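Q: Okay, sequence plus prediction incoming.
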2 protein chains.
Amino acid sequence: MIVPGTIMPINVFIVDDHYMVIEGIRSLLQHERTIEWSGHATNAASCMAFLQHNQPDIILMDINLPDKSGIELCKELKEKYPSIFIIGLSTFNQQSFIQKMMDSGASGYVLKNATKEELLEAIKTVIKGKLFFSDEASHTLQKNEEKKIVLTRREKEVLGMIAEGLTNHEVAAKLFISTATVDTHRKNLLAKFDARNIASLIKTAMQLQLI
Amino acid sequence: MIVPGTIMPINVFIVDDHYMVIEGIRSLLQHERTIEWSGHATNAASCMAFLQHNQPDIILMDINLPDKSGIELCKELKEKYPSIFIIGLSTFNQQSFIQKMMDSGASGYVLKNATKEELLEAIKTVIKGKLFFSDEASHTLQKNEEKKIVLTRREKEVLGMIAEGLTNHEVAAKLFISTATVDTHRKNLLAKFDARNIASLIKTAMQLQLI
DNA sequence: GAATGTATCCCTGAAAAACAGGATATTTCC
DNA sequence: GGAAATATCCTGTTTTTCAGGGATACATTC
């Protein structure tokens, strides 16, 4: 692991399916002496392949990749190569994404409208083992901290089925429980979402990316 | 207007709130002799300001801007400066976005995972007054052509209110019509969306960005 | 001018879900 | 061990939704 003060440059690798973003980051970082461009991949598979023979210090990783989500990839990478620090990279300043990325072992989260300075700061913070968030990202994290809706496993299951259009009766049959139980879950979901009815519940659940 | 074969370079301006993308495009295009970097803006307002004193040939425009949507900005620009060609730029390969952008007067639509070649082709095609779409974008346009859901004004209104959580009764009161009528709209919506009930209707409507 | 299509409007009765107000196992965590 | 959270189930009433219909109004097309 590289520690602050070391003369060795920080090796940075990028996984993003947008050439423009890869090119943009390369352009932003190319004149930094402390940073070395390790390479890039446009999907999860070629990223994994690259890592078999190379070990960058930091991976900048898009949340959305063509073959699998950045969240999954992040989890897998951290299991295989726990010493690599991962910084989530995304257009979306959404609480659920950031949360999932951090839960998967990422060390930071930077929005794609970040400036060069912000990106550098992120890299230099994360390499020390600390966490880093874009200003905007940390704002949304704080803001949504309180009104965060936590669903139980069963509730998520039921919510998903309701969204698919199943009736209470059908959900009950699928889960081998009584319709009354499904009704209770439904009730609790409505309460948690502070929704007047299923229509508005589905709407907010979709907005919060819970379906 | 610049015609093909002219020696004058094509002036390209970019509006995008992501520095990385701006930087990426600049980097991609900087060695092209046929293209001149006119400048960039990170929001609609500064784009408008720039155009008061400059007239680029082409504007690459993100769909999502901090102050107003690219779709609105596109419409306004085409009214004020009809000779400027606008190419929509977005991460999303979604039919509704592409459609709206084209309806607002854009000449093309390029996804952000486009290659340098694709971007150049887009610019060179559009400058001739033709339309250009990313391969993927044109695919989705074709694919969704048939199963495109067209709602009437009334249906959109009712759909919106249902999604807000209003009951048939409340919608009826707001629109000064009978609940039975609201119910018919509801029925027609269910039929158009091929949904089993309101839950699945709201879900698909959200996915299709119709709410 | 007749036919067609589409958007809007309305009705009834059965089915489903919401709502109120309970209760009881089973984990899970301190 | 005991509190808290989770998941399960019940009864009965009220409200909403859903699945059949049908009617009118108005523009478009042949």
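A: Received, thanks.
Q: Report the contact partners of residue A:182.
A: Counting by CB atoms under 8 Å, 6 or more residues apart in numbering or on different chains, residue A:182 makes contact with A:158, A:168, A:171, A:172, A:175. C-beta coordinates here come from the backbone N, C-alpha and C atoms, glycine included.
Q: Please repeat the previous calculation with a cut-off of 6 Å.
A: A:168, A:171, A:172 (CB atoms under 6 Å, 6 or more residues apart in numbering or on different chains).
Q: Ok, residue A:115 next?
A: Taking CB under 6 Å, 6+ apart as the test, what residue A:115 contacts is residue B:19.
Q: Which element, helix or strand, includes residue A:21?
A: helix A:19-29 (DSSP states H and E).
Q: which element follows that helix toward the C-terminus?
A: strand A:35-41.
Q: Give me the angle between the helix or strand that comes right after that following strand and strand A:35-41.
A: As assigned by DSSP H and E, the chain's next helix or strand after strand A:35-41 is helix A:44-51. Counting by axes from the mean of the first three to the mean of the last three CA atoms, to 10 degrees, helix A:44-51 points 130 degrees away from the direction of strand A:35-41.
Q: can you give me the offset of helix A:44-51 from its chain's centre?
A: 18 Å (CA atoms, centre = their mean, to the nearest Å).
Q: Let's see that helix as CSV, backbone CA atoms only.
A: Extracted in CSV, the C-alpha atoms of helix A:44-51 (Å, rounded to 0.1, in the frame of the first residue of the first chain):
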residue,chain,number,x,y,z
ALA,A,44,-16.8,-5.2,-15.9
ALA,A,45,-15.4,-8.2,-17.7
SER,A,46,-12.4,-6.5,-19.2
CYS,A,47,-11.8,-4.8,-15.9
MET,A,48,-11.6,-8.1,-14.2
ALA,A,49,-9.3,-9.4,-16.9
PHE,A,50,-7.0,-6.4,-16.5
LEU,A,51,-6.7,-6.9,-12.8
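Q: ok, and the closest non-adjacent residue to residue A:54?
A: Counting by CB to CB, 6 or more residues apart in numbering or on different chains, residue A:54 lies nearest to residue A:38, which is 6.5 Å off, once chain neighbours are set aside.
Q: how close does the one you found get to residue A:132?
A: 19 Å (CB to CB, to the nearest Å).
Q: okay, these two: which has more neighbours?
A: Higher neighbour count among residue A:38 and residue A:132: residue A:132, with 23 against 18, using other CB atoms under 10 Å in any protein chain shown.
Q: So which other helices or strands are in contact with the helix holding residue A:21?
A: helix B:19-29 (3 or more CB pairs under 6 Å, 6 or more residues apart in numbering or on different chains; DSSP states H and E).
Q: Having no further points to raise, I will conclude here.
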